[in-house]
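Novice: Quick check, what structure comes out for this input:
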Amino acid sequence: MTTPKRTHPLGLLQHIAKSIKDYWFLFILLLSQWQHINSVWFWGTLVLMLVAFLIWPTLKWLMLSYAVTPDAVIVHSGIFVRHHEHIPYSRIQTVQRKQWFYLRPFKLEEVLIETASHDDSAPEARLAAVPTDVADTIEHYRHTAPAATAVADDTTALTATDTADQTDAPVLAHYRINSADLVKFGLTSLIFIPFLLVLLGLYNKIPESFTNSLINDASHMALALLIGGAILIIVIAWLGAFFWTLTRYYHFELDREPDQLKAAKGLFQRNTITAPIARIQAVRIKQNILRQWLHLQTVQVLIASKAASDDDDNDLVIMPVIANQAVYRTMTPFVDWLPQTAPDLTALRVPRNWYLMRNAVLFVAFPAIIIAWFWPHLSWISILLVIIAILQGRFAGHNTAGALISPNLLALQTGHFWTREVYYVPADKIQSMGFQQSIWMKKTQLAHLTVNVRHGNHNQAIELRYVPVTAAQDLYDWYLHRT
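Specialist: Numbering: from 1, shown residues only. As a prediction, this is how the structure comes out:
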C-alpha cells in the first residue's frame, strides 16, 4: 500500500454528492430561469451545473491519490495547484470511517483523518471509497508508530488478513445499545424542534390560494379541531426527529481499547470514530429538560477534532442514554479518571437566582418592547418571552454548581437552554481560567469563573456566573499554583 493509489470509482459518487451539497443553489437558479429556456442565463446556469456536478468532481477524483506507509499517510490532490499532504501517525487526532449501505457489498468505506492542525471546515485527508483494510492498516501503524522507523525502505504493505490480525487490540470494555434505550433516546431528543421549524417553513411555500382556502375552511371548525391540527403537526415533527435519531444511532456500540475509544453507529451509513483517550479534553454529561424528568442522561467527550460534527453539539456521543443511577459505574470502565459516584458540587452553587433571572429578562426586554409597541395585538408574545426568560434564568441558577473533586479533576455544572451539563475536566487539559468580579459584585461576595478547554479547533468556555467569591477564588488559586 506504499505505492500511490486512486480511490475506487465509486468514490466519484461521493465527490459528486459533496458538490451537490455545496452548490445546491444552482438548481434553484436554474428553476428560476426555466420559463426563459432560450435565455443566456438559462444555458449559462446549465453549463455551470455541468461543471460543478460532473466535470469538477471527476477531475478531483482523477487527481487524488494516496499511500499508506509505515511512517505516514501521504495524500496527493489538487487540479491546478497540487497539494501533497504528509501526515505522521503521531499527529493524527481521530480516524473516522463512514460506510454507506451501497459501499458495503464492495467492502469499501470513506476514511477521514484529522490532526490538531486541520482546517475548521474539512479534515486533513478525506479518502472516499477505499478498501476497509486501509483504515485497519492506518490503525496498525498508529499503534506501532515508534517502532516503525526501524522498518526498511522496501517494506511491503500488509495484506488485509495480516492487518486484521495485527490491529485487533484487546477490548477492555464493550457497550451496545439495546432497543428500549434507543427508543428512549429518540423520543427524548429535542431535535424535533428544528423539524417543526422546517414544517412551518414548508407551510410558507404553499401557494397562498391554497392556504387561504384552508383558513376559510378552518374558520368553520370547532376550536378542538384546530388545536388537534396543531398537535398533529407537532407529532409529525416529533416522529420525523425520532426516526432520524434511530437511523443515526442504530446499533450504537462503544469499545474501550488500551489507548482509545471506538464508537460505531448508523443504519444507512455506518459511522465509526476512534478517539485517543489521552487526547480527550473533557467529558460532558448532559440532560435536556425531558431527560431530567425521566432521569436519563447522555454522555459525550470533547475532543480536539471535528470528527463528531454530525453528533449532538458537535461532540462525540459515547453513551446515548443511560439512567442517572448507572452513569458513573457504567462509564468508569471506558474513561477511568471519572469519579465512581456522583460528586458533591455544592461548593460553587449560586446562592441567589435573582441575578440570572434579571439578566435573562434584560436579554429579551428589547424585542419584547418592540413587539408590544409596533404590534399591540401580539403583546401576549412579549409577556410569554418575559415568562420564559424568568424561568430560564431560574433554571440556570438552580443548575449552576461545581467543585474540585480531586487534585487533578475539576467538575463544573451549568444550565443553558433548558439543558443541564456537567463537565469533568482533567487539570492538564485546562487551557486557561478566568476570575471576574465587578465593583458591584464585591458587595454581594459573588464572582464569575470561566474555565477554557479545547473543543474541536476552537475554545469551549465553561462559565459559572454569580458563584460565591471565596470558592471561586480558591479554585483560581489552585489553578495558578498548578501552572
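Novice: now the helices for the stretch 51-200 of the chain?
Specialist: Counting by DSSP state H, counting those that start in this stretch, the stretch 51-200 of the chain has helices at residues 56-62, 132-143, 145-148, 160-166, 179-187, 192-205.
Novice: ugh, wrong one, the stretch 351-483 of the chain
Specialist: With DSSP H, counting those that start in this stretch as the criterion, the stretch 351-483 of the chain has helices spanning 354-374, 379-399, 441-444, 469-482.
Novice: Ok, which of these comes nearest residue 43?
Specialist: helix 354-374 (46.0 Å; C-beta to C-beta). To be clear about C-beta, it is placed using only N, CA and C from the backbone, and glycine gets the same treatment.
Novice: Which of the helices of the stretch 51-200 of the chain comes out lowest on mean pLDDT?
Specialist: Here the helices of the stretch 51-200 of the chain differ in mean pLDDT, and the lowest is helix 160-166 at a mean of 41.
Novice: Give me the distance between the closest residue to residue 460 other than its chain neighbours and residue 169.
Specialist: Counting by C-beta to C-beta, 6 or more residues apart in numbering, residue 453 is the residue found nearest to residue 460 once chain neighbours are left out, at 5.0 Å. Residue 453 is 27 Å from residue 169, where distance means C-beta to C-beta, to the nearest Å.
Novice: Which one of these two is surrounded by more residues?
Specialist: The neighbour comparison of residue 453 against residue 169 (other C-beta atoms under 10 Å) goes to residue 453, with 21 against 16.
Novice: Test my guess that the more buried one contacts residue 430.
Specialist: Yes: proximity of residue 453 to residue 430 meets the contact threshold set by C-beta atoms under 8 Å, at 6.2 Å.
Novice: For the nearest residue to residue 265 once chain neighbours are set aside, grab the count of nearby residues.
Specialist: Here the nearest residue to residue 265 in space, its sequence neighbours aside, is residue 252; by C-beta to C-beta, 6+ apart that works out to 4.2 Å. Counted with other C-beta under 10 Å, the neighbours of residue 252 add up to 22.
Novice: for residue 83, same thing?
Specialist: Residue 83 has 10 neighbours, counted by other C-beta under 10 Å.
Novice: returning to that earlier point: ok now do the residue nearest to residue 460, which residues does it touch?
Specialist: For residue 453, the contact set (C-beta atoms under 8 Å, 6 or more residues apart in numbering) comprises 281, 282, 302, 423, 425, 429, 430, 431, 459, 460, 462.
Novice: Am I right that residue 21 is in a helix?
Specialist: Yes: assessed with DSSP: H, G, I helix; E, B strand; the rest coil, residue 21 lies in a helix.
Novice: looking at it, residue 345 is touching residue 400, isn't it?
Specialist: No: the criterion here is C-beta under 8 Å, and residue 345 misses it with residue 400 at 9.4 Å.
Novice: Of those two, which one has the most company?
Specialist: Shown here are residue 345 and residue 400; by other C-beta under 10 Å, residue 400 has more neighbours (24 against 16).
Novice: Quick check: chain neighbours aside, which residue is closest to the more buried one?
Specialist: Here the residue nearest residue 400, using C-beta to C-beta, 6+ apart, is residue 350, at 4.7 Å.
Novice: A helix includes the one you found, no?
Specialist: No: under three-state DSSP, residue 350 falls outside any helix and is assigned coil.
Novice: contacting residues around it?
Specialist: 356, 397, 398, 400, 401, 465, 466, 467.
Novice: what's the closest of those to residue 436?
Specialist: Residue 436 lies nearest to residue 465 out of the contacts of residue 350, by C-beta to C-beta, at 9.1 Å.
Novice: The closest one contacts residue 448, correct?
Specialist: Yes: Residue 465 is in contact with residue 448 according to C-beta under 8 Å; the separation is 5.0 Å.
Novice: In this structure, spot the helix with the most residues.
Specialist: When the chain is parsed with DSSP state H, its longest helix is helix 223-248.
Novice: Output the helix or strand that it is followed by as CSV - backbone C-alpha positions only.
Specialist: As assigned by DSSP states H and E, the chain's next helix or strand after helix 223-248 is strand 253-257. Output of strand 253-257 as CSV, limited to C-alpha atoms (Å, rounded to 0.1, in the frame of the first residue of the first chain):
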residue,chain,number,x,y,z
GLU,A,253,-21.5,0.4,20.0
LEU,A,254,-18.7,1.6,22.2
ASP,A,255,-15.4,-0.2,22.7
ARG,A,256,-12.6,0.7,25.1
GLU,A,257,-9.2,-0.3,23.8
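Novice: and for strand 253-257, what are the contacting residues?
Specialist: For strand 253-257, contacts defined as C-beta under 8 Å, 6+ apart pick out 169-177, 261-265, 318-319, 333-334.
Novice: Show me which of those are buried.
Specialist: Neighbour-count burial (16 or more other C-beta atoms under 10 Å) applied to the contacts of strand 253-257 gives 169, 173, 175, 177, 261, 262, 263, 264, 265, 318, 319, 334.
Novice: pLDDT and distance to residue 361 added to the residues you listed, as a markdown table?
Specialist: Below are those laid out as a markdown table (pLDDT from 0 to 100; distance: C-beta to C-beta, whole Å):
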| residue | pLDDT | distance to residue 361 |
| --- | --- | --- |
| 169 | 70 | 54 |
| 173 | 91 | 46 |
| 175 | 94 | 43 |
| 177 | 92 | 41 |
| 261 | 91 | 42 |
| 262 | 91 | 46 |
| 263 | 92 | 41 |
| 264 | 93 | 45 |
| 265 | 93 | 41 |
| 318 | 90 | 37 |
| 319 | 92 | 36 |
| 334 | 94 | 42 |
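Novice: Report the distance from stretch 467-477 to the chain centre.
Specialist: From the chain centre to the centre of stretch 467-477 is a distance of 32 Å (C-alpha atoms, centre = their mean, to the nearest Å).
Novice: related to what we said a few turns ago, among the contacts of residue 350, which one lies nearest to residue 326?
Specialist: Residue 326 lies nearest to residue 401 out of these, by C-beta to C-beta, at 21.1 Å.
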